[in-house]
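>>> please find the sequence and the predicted model below.
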Amino acid sequence: MKQENIVEKALAILSRQPKSQPPKGVTVADVLRVLPRAKVILPTVEDLTKPKSCEHCGANKHAKIVRRTWPDGKLDWMCQRCGREANPNQ
């Protein structure tokens, strides 16, 4: 009798737990199900740290942010239009 009560209580607690919702949008699993031979490319750290625009040029259509390599090997982001360093914390 006691074990039945424990089981019923556990089931009641579990039924009150919020259900995990499926992810919104298209997932990698969806793509691989529809296109089984597809290759999924994850974004690199560089893509995630790249600034969106130049502080000086703003949304100018010629202000493209590109990777710059200095002679000492230092890498940073620069605006191709004005040549200034693009701030990655923007």
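Done, it's in.

>>> hang on, Trp77 is in a helix, isn't it?
No - in this structure, Trp77 is strand, not part of a helix, as judged by DSSP: H, G, I helix; E, B strand; the rest coil.

>>> all numbers from here: first residue = 6
Shifting the count to begin at 6 puts that one at Trp82.

>>> pretty sure it sits against Lys69.
No - under the criterion of C-beta atoms under 8 Å, Trp82 makes no contact with Lys69, lying 10.6 Å away. C-betas here are computed from N, CA, C, even on glycine.

>>> neighbour count: those two, which is higher?
Neighbours were counted for Trp82 and for Lys69 using other C-beta atoms under 10 Å; Trp82 has more, 18 against 14.

>>> just checking, Cys87 touches Gly63?
No - with contact defined as C-beta under 8 Å, Cys87 and Gly63 do not form a contacting pair (10.6 Å).

>>> ok, those two, which is more surrounded?
Remark: of Cys87 and Gly63, Cys87 carries more neighbours, 15 against 8, as counted by other C-beta under 10 Å.

>>> need the three-state assignment for the more buried one.
coil.

>>> for it, give me its contacts.
Cys87 sits next to 59, 61-62, 68 when contact means C-beta atoms under 8 Å, 6 or more residues apart in numbering.

>>> what does Lys69 give?
Contacts of Lys69 by C-beta under 8 Å, 6+ apart are 84-86.

>>> put the buried members of those residues into a ChimeraX selection.
A single ChimeraX command suffices to select whichever of the contacts of Lys69 are buried according to 16 or more other C-beta atoms under 10 Å:
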select :84
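
>>> can I have the buried ones of the contacts of Cys87 as a PyMOL selection?
Filtering the contacts of Cys87 down to the buried ones (16+ other C-beta under 10 Å) takes a single PyMOL command:
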select buried, resi 59+62+68
